[in-house]
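Asks: just to be clear, the model below is a prediction. Sequence and coordinates:
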Amino acid sequence: MKMMWRYVLKYKLQFIARIVTISLVALASICFDFLMGFIVDIFSQGQVDKFLPITIMSISLIVIMFLTEYIDGLVMSNYIKNTVNYLRTDIFSKIINKDIRDFSLDNSGKYISILYNDIKIIEESFFNNIFQVISSFISFIISLIVLFSISPLIVVFITVFGILGFIIPNSLSKKLILEKNKYSTTLEEITSVTKDLFSGFEVIKGFNISSKINSVFKKSSINVENSKKKCSILESIIRGFSLSFSVTIYLGVLLVGGYLMYKQNISVGTAIIIIQLSTHIVGPVKTSISLINQIKSVSLIADKIENILENSNCNNESTSLENFDQSIKIKNLSFSYTEERRALENINLTLEKDKKYAIVGESGCGKSTLIKLLMRYYNDYDGEITIDNKDIKSIYSSNLYKNISMIQQNVFMFDDTIKENIRLFSNHTDEKVLDTCKRAGIINLIERLPNGIDSLVGENGNKLSGGEKQRIAIARSLINDTKILILDESTSALDNETAYNLENSLLSLEDLTLIVVTHKLIKSILLKYDEIIVMKEGKVIEKGSFESLINLKGYFYSLYYIQSDELDSI
Ligand SMILES: Nc1ncnc2c1ncn2[C@@H]1O[C@H](COP(=O)(O)OP(=O)(O)OP(=O)(O)O)[C@@H](O)[C@H]1O
């Protein structure tokens, strides 16, 4: 909850300004009560000479009430705009700065739900209500002081019933807090489910499972509505209690005021002022209980957001790496995703600058995991990875990712132009983008498109083929003159000829350290690698040139034999 108060007070001046403006609105409304009393007294006592001044006062008050209400609205909308925007962008940046392990602990639908559903609940139940409570409190105190000066008896009566009216509904608030939290969880679930179902649209159609999917969605939707219904019922019980107590107070004040007037202790005008002021006491007692409960109900949501945003890894970046000059060294590297099984075990490797490495092995042997650690996707491994003798954990991200980049099997495309997808919103010129397109082998595609590099790729590149997306991803790395390029099955979507040409051209780039994870064991390509790293069950079991591994007649030999008909010709 502390986190929420930090956001509430982020724009302190605007917060204070809003308190001032709501106080003015409350004061203007109390002035109106007095004015009503004065007007009644003037006429009941026949003071005609005061008619003109009271008319002028009335007109002035109308103008003041309009202005205070208008200024208060302006101040409030400004405050909410800035605070909610700050809250949302801050949460977004915390999510985006998570490391991959932390990020993948939660379904991305949860993050989306925080950014939209939870923030909406927080805006409505927390930010708006805080000011309403403050406003009610100000009206309550002023009215109470004024009433006390008129009749202490009325104040005693109000205080007793006010306290009772506060305590009883308040005891229901804990239940409401829990229900609100459940409601937020069901919203999260439905967002995750919807996101997953839409992502799998093609599978749903292809396997004709629309009706089953409808029932999955219906179940989530029913959960949301049931949970919302429980919250509404609880809120109406709380409102019912508040209403009963406030009506009791209101009627009690009326009776005492009427009695005082009957005894001629007070004038008719003063009786009207008492009745009017009591509405400023009853109103706040009635509303602030449910407002305070709504504010409290946000506390569990706030705690949940805080937990989700917590980052288990602290940032240790303190070393610069302007250029990659020597080698990457991996020493005694072990890593597990889960406690049950090691994905990598005691890996020792040296990858020298400008050399070309192929990593091979059966599916699930740990190839992708190894390169994810090289990319620093995960930090919690045993052993050490250094680049030019600098621990990669300590290298500034900006330096690390300037020197090293990776292209994966599934290429992510922004819903933007080919140009922006290649230069990733940096300042490279069109000429440079086109030149890179040539090197990555997509210039033919670009020339066919009416808008060239300014053509839109569609949501996640759905206007492009898998092979085109992979070539755009390669161009994305080449444009930044990356020193170390890692390909994780990146040519899998290309036809054999294109894949061969692309890999060949990357292998011929002299100032590039190339690390390629591959399943395709093609002799003519493998011969060009300086070293082939062979993995099995999380370990590096063989390494060397193609010739030496074949001569070894070990694991690589059998892998190659299974895949290749060429063996006889070696
Ligand atoms: N995020 C994850 N959580 C838990 N286990 C994982 C995760 N990613 C991979 N693994 C497991 O770690 C092991 C190594 O996976 P990895 O993806 O590195 O294999 P790979 O050799 O690249 O396989 P492939 O050639 O099929 O891509 C596998 O047993 C896999 O199931």
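Replies: That came through fine. Residues are numbered from 1 along each chain as shown.
Asks: so which helix or strand takes in Ile533?
Replies: Following DSSP states H and E, one finds Ile533 within strand 531-536.
Asks: list the helices and strands that strand packs on?
Replies: Where contact means 3 or more Cβ pairs under 8 Å, 6 or more residues apart in numbering; DSSP states H and E, strand 531-536 is packed against strand 356-361, strand 539-544, helix 546-552, helix 555-563. C-beta here means a position set from N, CA and C on the backbone, and glycine is covered the same way.
Asks: which parts of the protein are strands?
Replies: Assigned by DSSP state E, the chain shows strands spanning 327-335, 344-352, 356-361, 382-387, 390-391, 404-407, 484-488, 513-517, 531-536, 539-544.
Asks: does the strand holding Ile533 reach the ligand?
Replies: No - Strand 531-536 lies out of reach of the ligand by Cβ under 6 Å from any ligand atom, never closer than 6.8 Å.
Asks: now that strand against strand 539-544, angle please.
Replies: 150 degrees (axes from the mean of the first three to the mean of the last three Cα atoms, to 10 degrees).
Asks: starting at the chain centroid, how far to the lowest-mean-pLDDT helix or strand in the chain?
Replies: In the chain, no helix or strand scores lower on mean pLDDT, DSSP states H and E than helix 100-104, which sits at a mean of 73. In terms of Cα atoms, centre = their mean, to the nearest Å, the centre of helix 100-104 is set 14 Å apart from its chain centre.
Asks: can you name the residues that contact Gly252?
Replies: Phe157, Ile158, Phe161 (Cβ atoms under 8 Å, 6 or more residues apart in numbering).
Asks: the first one reaches Leu254, doesn't it?
Replies: Translated: Phe157. No - using Cβ atoms under 8 Å, Phe157 is not in contact with Leu254, being 11.2 Å away.
Asks: look at these two and report which has more neighbours.
Replies: A count of neighbours by other Cβ atoms under 10 Å puts Phe157 above the other of Phe157 and Leu254, at 18 against 14.
Asks: need the contact list for that one.
Replies: Ile249, Gly252, Val253, Val256.
Asks: how about a cut-off of 10 Å?
Replies: Ser151, Thr248, Ile249, Gly252, Val253, Leu255, Val256, Ser278 (Cβ atoms under 10 Å, 6 or more residues apart in numbering).
Asks: farthest pair within those?
Replies: Using Cβ to Cβ, the pair of the contacts of Phe157 lying farthest apart is Ser151 and Thr248, separated by 17.4 Å.
Asks: surely Leu243 meets Gly283?
Replies: No - contact between Leu243 and Gly283 fails when scored by Cβ atoms under 10 Å: they sit 11.2 Å apart.
Asks: look up how far Gln14 lies from Val20.
Replies: 11 Å (Cβ to Cβ, to the nearest Å).
Asks: chain center to the longest helix anywhere in the chain, what's the gap?
Replies: Ranked by residue count and defined by DSSP state H, the top helix of the chain is helix 210-262. When distances are taken as Cα atoms, centre = their mean, helix 210-262 is centred 31 Å away from the chain's centroid.
Asks: quick one: average pLDDT of it?
Replies: Confidence over helix 210-262 (mean pLDDT, whole number) is 87.
Asks: I figured Tyr561 hits Leu521, correct?
Replies: Yes - at 9.5 Å, Tyr561 counts as touching Leu521 under the criterion of Cβ under 10 Å.
Asks: in contact with Ala302, which residues?
Replies: Counting by Cβ under 10 Å, 6+ apart, Ala302 has contacts Met1, Lys2, Met3, Met4, Trp5, Tyr7, Asp118, Ile122, Phe126.
Asks: disregarding flanking residues, what is the spatial nearest neighbour of it?
Replies: Met4 (4.7 Å; Cβ to Cβ, 6 or more residues apart in numbering).
Asks: what residue ranges in this protein score low on pLDDT?
Replies: Applying pLDDT under 70 to the chain flags residues 101, 311-315, 490-494, 564-570.
Asks: show me how it divides into domains.
Replies: 2-309, 327-569 (automatic domain parsing).
Asks: and the gap between the nearest residue to Thr417 once chain neighbours are set aside and the ligand?
Replies: Leaving out its chain neighbours, the residue that sits closest to Thr417 by Cβ to Cβ, 6+ apart is Asp454, at 5.0 Å. Note on Asp454: its distance to the ligand, by Cβ to the nearest ligand atom, to the nearest Å, is 35 Å.
Asks: OK, contacts around Asp454?
Replies: Asp416, Thr417, Ile418, Lys419, Glu420, Asp430, Ile446.
Asks: ok, now Gln294?
Replies: 121, 124-126, 128-129, 132-133, 173, 176-177, 180, 231, 235, 238.
Asks: repeat that for 7 Å
Replies: Gln294 sits next to Ser125, Asn129 when contact means Cβ atoms under 7 Å, 6 or more residues apart in numbering.
Asks: cool, Lys182 as well?
Replies: Lys182 is in contact with Ser227, counting by Cβ under 7 Å, 6+ apart.
Asks: with Tyr79 instead?
Replies: Contacts of Tyr79 (Cβ under 7 Å, 6+ apart): Tyr11, Gln14, Phe15, Arg18.
Asks: recalculate using a threshold of 6 Å.
Replies: Neighbouring residues of Tyr79 by Cβ atoms under 6 Å, 6 or more residues apart in numbering: Gln14, Arg18.
Asks: going by proximity to the ligand, name the top residue of the stretch 151-300 of the chain.
Replies: Asp196 (16.8 Å; Cβ to the nearest ligand atom).
Asks: quick one on the thing from earlier: in the least confident helix or strand of the chain, which residues are buried?
Replies: By neighbour count with 16 or more other Cβ atoms under 10 Å, helix 100-104 contains the buried residues Asp102.
Asks: over to stretch 17-30?
Replies: Judged by neighbour count using 16+ other Cβ under 10 Å, the buried positions of stretch 17-30 are Ala17, Arg18, Thr21, Ile22, Ser23, Leu24, Val25, Ala26, Ala28, Ser29, Ile30.
Asks: neighbours of Tyr381, how many?
Replies: For Tyr381, the neighbour count with other Cβ under 10 Å is 19.
Asks: what distance do you get for it to the ligand?
Replies: From Tyr381 to the ligand the distance is 13 Å (Cβ to the nearest ligand atom).
Asks: list, one by one, the residues from the stretch 201-350 of the chain near the ligand.
Replies: Near the ligand, when you scan the stretch 201-350 of the chain using Cβ under 6 Å from any ligand atom, you find Tyr337, Thr338, Ala343.
Asks: how about the residue lying closest to the first one once chain neighbours are set aside, what does it touch?
Replies: This points to Tyr337. Leaving aside its sequence neighbours, Tyr337 sits nearest to Ala343 (Cβ to Cβ, 6+ apart; 5.6 Å). Shown in contact with Ala343 (Cβ under 6 Å, 6+ apart): Phe335, Ser336, Tyr337, Gly366, Thr369, Gly538.
Asks: ditto for Ile122
Replies: With Cβ under 6 Å, 6+ apart, Ile122 has these contacts: Val298.
Asks: about what we covered before: let's have the strands of the chain in JSON lines, adding mean neighbour count.
Replies: Formatted as JSON lines, those follow (neighbours: other Cβ atoms under 10 Å):
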{"stretch": "strand 327-335", "mean neighbour count": "17"}
{"stretch": "strand 344-352", "mean neighbour count": "17"}
{"stretch": "strand 356-361", "mean neighbour count": "24"}
{"stretch": "strand 382-387", "mean neighbour count": "18"}
{"stretch": "strand 390-391", "mean neighbour count": "14"}
{"stretch": "strand 404-407", "mean neighbour count": "22"}
{"stretch": "strand 484-488", "mean neighbour count": "23"}
{"stretch": "strand 513-517", "mean neighbour count": "23"}
{"stretch": "strand 531-536", "mean neighbour count": "22"}
{"stretch": "strand 539-544", "mean neighbour count": "18"}
